[in-house]
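Participant: Quick one, what's the 3D model for this:
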Amino acid sequence: MKYIVTGVDGQLGGRVAENMLNSVPGNNLIFTCRNHKYLSQEKRQRWEEKGVSVREADYNDKKGMVLAFKGGNRIYIVSSIINGPQRVIQHKNVVDAALEAGIEHLTYTSFLGANRADYSQYVIPDHTETEKYIAASGIEYNIMRNNLYAENYLINSVFLANISSNKWITPAGDGKATFVAKDDSGRVAAALLLGKGKKNKDYDVTGGDLLSEREICAMVAQVSGINYEYQPVNEKTFFSYLDSLHIPRTTDGDYSKSPVPFCGNDMVTNECSVRDNMMSVRTNTIKQLTGHAPVKIADLVQKYNFVWKNKITNYWDLKKYQ
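Facilitator: The predicted structure is shown next:
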């Protein structure tokens with residue numbers, strides 16, 4: 001059995017890759033990234049020394065992906081980083097390439113709410129359409145719908161506060177969510193790739209804590225000793241705030257001055273979904289598929305202390321410390 005992990009140059013795909021290496025011999029693994037230049041040479045060399053085949057697979061290049069996926073039996077597909085119709089096209093390309101390459105099973109990273117009619121976050125339509133395409137393709141599959149990542153609030157929210165005189169600005173109010181740690185998401189993805197899920201079943205992947213951003217802000221302030229001030233704002237004000245930081249509203253905007261690689265429409269609608277308690281869904285997926293309880297956010301605060309210790313104000317500087 002050969003397993004494929006896509007997007008191994010990214011934070012989630014990289015975690016899935018390492019989990020798979022801990023479970024099966026390297027010669028049973030194919031890792032792909034869009035371009036080898038985005039992958040650390042140290043990591044690539046380590047993987048290849050263990051027998052992993054490290055290949056390029058660009059979601060815009062179906063023919064190239066067919067070649068990259070050849071020889072694989074089961075594939076994990078991390079979702080594309082862009083939003084909108086082009087993202088859906090990319091996802092369809094990956095599914096079509098997997099089918100043409102003879103892949104037997106596909107695991108896809110979706111987003112919590114993609115199957116719920118009353119959820120309207122900016123990214124939802126991309127995932128909903130992709131899920132439907134996968135289900136109609138005839139391939140055996142599992143869908144994992146991740147909640148918002150805990151790291152977004154221990155890294156991104158903190159360095160945005162660093163930019164903003166220690167003000168933690170958000171329209172999330174006192175809404176609560178079961179934010180999920182990326183380590184847990186990576187473990188769930190590996191479990192599904194290894195065949196621990198039920199055939200053609202979708203799983204909502206949520207953390208064990210039900211917390212508000214106000215509570216997370218208070219945790220960070222207490223541990224860091226920095227007076228981070230939680231500042232709830234309305235949706236319009238938050239948009240203006242992001243605009244003032246040169247954060248584009250869409251992923252095809254100008255990111256030359258943006259402190260983050262995310263778009264305003266995504267950030268605003270996600271925060272509003274927290275405000276409205278749409279992300280407070282509780283599940284036992286992590287325990288069920290991995291055998292471990294979800295990571296607690298309180299246990300992650302010190303892990304990301306480099307953000308406040310070094311007063312990081314730009315996403316692009318994170319690689320120096322991770």
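Participant: what about Gln302, how many residues close to it?
Facilitator: 11 (other C-beta atoms under 10 Å). Just so you know, the C-beta spots here come from the backbone N, C-alpha and C atoms, and that holds for glycine as well.
Participant: if you skip the residues just before and after it, what's nearest to Asp276?
Facilitator: Take Asp276 and drop its neighbours on the chain: the residue closest to it by C-beta to C-beta, 6 or more residues apart in numbering is Gly175, 6.0 Å away.
Participant: Would you mind measuring from that neighbour to Tyr122?
Facilitator: If you measure Gly175 against Tyr122 using C-beta to C-beta, to the nearest Å, the figure is 17 Å.
Participant: cool, and Leu112?
Facilitator: For Leu112, the distance to Tyr122 - C-beta to C-beta - is 14 Å.
Participant: For the two, indicate the residue with more neighbours.
Facilitator: Using other C-beta under 10 Å as the criterion, Leu112 and Tyr122 rank with Leu112 on top: 26 against 20.
Participant: Report the contact partners of the nearest residue to Lys196 once chain neighbours are set aside.
Facilitator: Distances taken as C-beta to C-beta, 6+ apart put Leu289 closest to Lys196, at 5.5 Å, once the chain neighbours are dropped. Listed by C-beta atoms under 8 Å, 6 or more residues apart in numbering, the contact set of Leu289 reads Arg187, Val188, Ala191, Leu192, Lys196, Gly197, Tyr203.
Participant: residues contacting Met278?
Facilitator: Counting by C-beta under 8 Å, 6+ apart, Met278 has contacts Gly113, Asp118, Tyr119.
Participant: Redo the residues you listed as TSV? Include secondary structure, pLDDT and distance to Glu129.
Facilitator: Converted to TSV, those look like this (DSSP: H, G, I helix; E, B strand; the rest coil; pLDDT from 0 to 100; distance: C-beta to C-beta, whole Å):
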residue	secondary structure	pLDDT	distance to Glu129
Gly113	coil	97	14
Asp118	coil	92	17
Tyr119	coil	95	14
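Participant: ok, of these, which come out buried?
Facilitator: Those of the contacts of Met278 that meet the buried threshold are Gly113, Tyr119, by 16 or more other C-beta atoms under 10 Å.
Participant: now the contacts of Met278 as TSV including distance to Trp47?
Facilitator: Shown next, in TSV, are those (distance: C-beta to C-beta, whole Å):
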residue	distance to Trp47
Gly113	34
Asp118	42
Tyr119	37
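Participant: counting contacts, what elements does the helix or strand where Cys217 lies pack onto?
Facilitator: Taking DSSP states H and E as the definition, Cys217 sits inside helix 213-224. Using 3 or more C-beta pairs under 8 Å, 6 or more residues apart in numbering; DSSP states H and E, the elements in contact with helix 213-224 are helix 157-163, strand 167-170, strand 229-232, helix 306-309.
Participant: Which among these is found nearest to Thr128?
Facilitator: strand 167-170 (25.4 Å; C-beta to C-beta).
Participant: Determine the set of other helices and strands touching the closest one.
Facilitator: helix 157-163, helix 213-224, strand 229-232, helix 235-244.
Participant: at 7 Å instead, please
Facilitator: Counting contacts by 3 or more C-beta pairs under 7 Å, 6 or more residues apart in numbering; DSSP states H and E, strand 167-170 is packed against helix 157-163, strand 229-232, helix 235-244.
Participant: So which elements touch the longest one?
Facilitator: Packed against helix 235-244 by the contact rule (3+ C-beta pairs under 7 Å, 6+ apart) you find strand 167-170, helix 264-275.
Participant: Please identify which of the contacts of Met278 is nearest to Lys63.
Facilitator: Distance to Lys63 across the contacts of Met278 (C-beta to C-beta) is lowest for Gly113, with 33.6 Å.
Participant: The closest one touches Ile124, doesn't it?
Facilitator: Yes. Counting by C-beta atoms under 7 Å, Ile124 is a contact partner of Gly113 at 5.9 Å.
Participant: Point out where the protein drops to low pLDDT.
Facilitator: 322 (pLDDT under 70).
Participant: 90 instead?
Facilitator: Scanning the chain for pLDDT under 90 picks out 315-322.
Participant: Domain parsing of it, as residue ranges.
Facilitator: Domain segmentation of the chain under automatic domain parsing yields 3-146, 151-177+208-281+293-320.
Participant: could I get those as JSON lines with distance to Asp183?
Facilitator: Below are those laid out as JSON lines (distance: least, C-beta to C-beta, whole Å):
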{"stretch": "domain 3-146", "distance to Asp183": "6"}
{"stretch": "domain 151-177+208-281+293-320", "distance to Asp183": "6"}
